[in-house]
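# When you get a sec, could you give me coordinates for this:
(chains A and B)
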Amino acid sequence: MSLMSLFRRPTRGTAVAARERLQILLAHERAGLSGPDFLPQLQREILDVIRKYVQVDDQRVQVKLDSDQNYSVLEVNIELPTVVERRAPR
Amino acid sequence: MAKVIVVTSGKGGVGKTTTSAAIATGLALRGFKTVIIDFDVGLRNVDLIMGCERRVVFDFINVINGDAKLHQALIKDKRVEALSILATSQTRDKDALTEEGVGRVIGELGPLFDYIVCDSPAGIERGAHLAMYFADEAVVVANAEVSSVRDADRMIGLLTSKSRRAELGKTMPQHLLLTRYDAERVERGEMLKVEDVQEILAVPLLGVIPECPSVLQASNIGMPVVLDDKSPAGKAYREAVCRILGEETDIVIPRAAKRGLFDRLLRRTA
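Numbers count the residues shown, from 1 in each chain, chains lettered A, B, ... in the order given. Predicted coordinates for the structure are as follows:
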């Protein structure tokens, strides 16, 4: 131990890592447990509809359900490719 | 009718039984007729922490099975007038607990007491489920440590969805009790802060029990730590009991003592 370390504030402790890991993990676990069963199916069907018009990647669609006490918000995030190739509707 | 309080955590070894014993004794000290029930069938320890292990003749399982009457199984505490203990079986397993049986015994205890404190076993199996199923409110015990906080979060989810109150569409009031809190380690950035744990779990804080040698000393002699007037942990438990009773008192968060350079030199080279 150097003499200087007595004067310094301690460096970033491991507790910060613990907090960050928990925040990420629990956000994930809560979403997995509380989400209704239809979300994956919904995601597939939304993707199918979008694909009729625009070419999108499976990974570029995120479906998230946030619940408050009084209401729920269904958030659908679709990342479109930079150049939207228009397709004629079938 | 008695109010049923479950003390639960998911994880083992965080201080559920110590907390159950302290809260039940604390409530009784305040004059409320209180019974503590051990739900950890096969691994009972409430009797030991309460110091009545040699007085157990009949237990919770005997009453559920109709082998004994409730008054035969209830053990009256010798120190605190209003306190009774309902020990569990050390030889049976968790399957001895049935929802119907537990509901019936709690129903019988209801008119006799003001508070029923249910000491949950670790885990999320039958014993833990039935300990919380009939509860009117919950004390979730956690340490400022990652696995304990994760398990507490899981328990909070189960209390919110799988209790009888939840099934009836009612909310389950929950409190977070942080135990074995080491302010010195928090100060050094080695342990999660109260504020961090509370923010992550988002449950109102009931209290913070400091890591304290008196807890082990009290368990050595079978005395709930809340009866130790000199113990900081005992004091923190008495304050938590005040908040269970709805008294608004400021929560004392243990802080590390300010240390001078000389002291730091001595400690850090030690």
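# Select the helix or strand of chain A having the lowest average pLDDT value.
When each helix and strand of chain A is scored by mean pLDDT, DSSP states H and E, strand A:61-67 comes last, with a mean of 74.
# Now residue 43. Nearest residue, chain neighbours left out?
Assuming you mean chain A. A:Val63 (4.4 Å; CB to CB, 6 or more residues apart in numbering or on different chains). Where C-beta positions appear, they are placed from N, C-alpha and C, glycine not excepted.
# Actually, chain B is the one I wanted.
According to CB to CB, 6+ apart, the nearest residue to B:Leu43 is B:Pro121 (6.9 Å).
# Surely that neighbour is within a strand?
No - counting by DSSP: H, G, I helix; E, B strand; the rest coil, B:Pro121 is not found in a strand; it is coil.
# residue of chain A with the smallest distance to chain B?
Here the residue of chain A nearest chain B is A:Gly13; by CB to the nearest CB that distance is 1.9 Å.
# Tell me how far the closest residue to that residue other than its chain neighbours lies from B:Glu195.
Computed as CB to CB, 6+ apart, the closest residue to A:Gly13 that is not its neighbour in sequence is B:Gly189, at 1.9 Å. In this structure, B:Gly189 lies at 14 Å from B:Glu195, with CB to CB, to the nearest Å as the measure.
# wait, what's in contact with the residue nearest to A:Gln43?
By CB atoms under 8 Å, 6 or more residues apart in numbering or on different chains, the contact list for A:Val63 reads A:Leu39, A:Leu42, A:Gln43, A:Ile46, A:Leu74, A:Glu75, A:Val76, A:Asn77.
# residues contacting the first one?
Pointing back at A:Leu39 there. The contact partners of A:Leu39, by CB under 8 Å, 6+ apart, come to A:Val63, A:Leu65.
# For it, grab phi and psi.
Listed backbone geometry of A:Leu39 is phi -60, psi -50, with angles given as degrees, to the nearest 10.
# so where do the helices sit in the chain?
Here I'm looking at chain A. Listed in chain order, the helices found in chain A under DSSP state H are A:14-34, A:39-53.
# um, chain B though
Secondary structure of chain B (DSSP H): helices located at B:16-29, B:46-49, B:60-64, B:70-73, B:99-109, B:126-133, B:146-162, B:164-167, B:183-187, B:194-201, B:213-220, B:232-244, B:261-269.
# Deepest-packed of the ones you listed, please.
helix B:16-29 (a mean of 28; mean count of other CB atoms under 10 Å in any protein chain shown).
# can I assume B:Glu145 is in contact with B:Val197?
No - the pair formed by B:Glu145 and B:Val197 falls short of the contact definition of CB atoms under 8 Å, at 9.2 Å.
# Report pLDDT for A:Ser5.
In this model, A:Ser5 is scored at 59, pLDDT.
# nope, A:Val54 is what I meant
In the predicted model, A:Val54 carries a pLDDT score of 83.
# what sits against A:Ala17?
Neighbours of A:Ala17 in contact, by CB under 8 Å, 6+ apart: none.
# Recalculate using a threshold of 10 Å.
B:Val146, B:Gly189 (CB atoms under 10 Å, 6 or more residues apart in numbering or on different chains).
# again, but for B:Met223
When contacts are counted by CB under 10 Å, 6+ apart, B:Met223 is found next to B:Ala21, B:Thr25, B:Ile49, B:Met50, B:Gly51, B:Arg79, B:Gln217, B:Gly234.
# With pLDDT added, can I get these in TSV?
Formatted as TSV, the entries for those read as follows, by pLDDT from 0 to 100:
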residue	pLDDT
B:Ala21	98
B:Thr25	98
B:Ile49	97
B:Met50	97
B:Gly51	96
B:Arg79	97
B:Gln217	96
B:Gly234	97
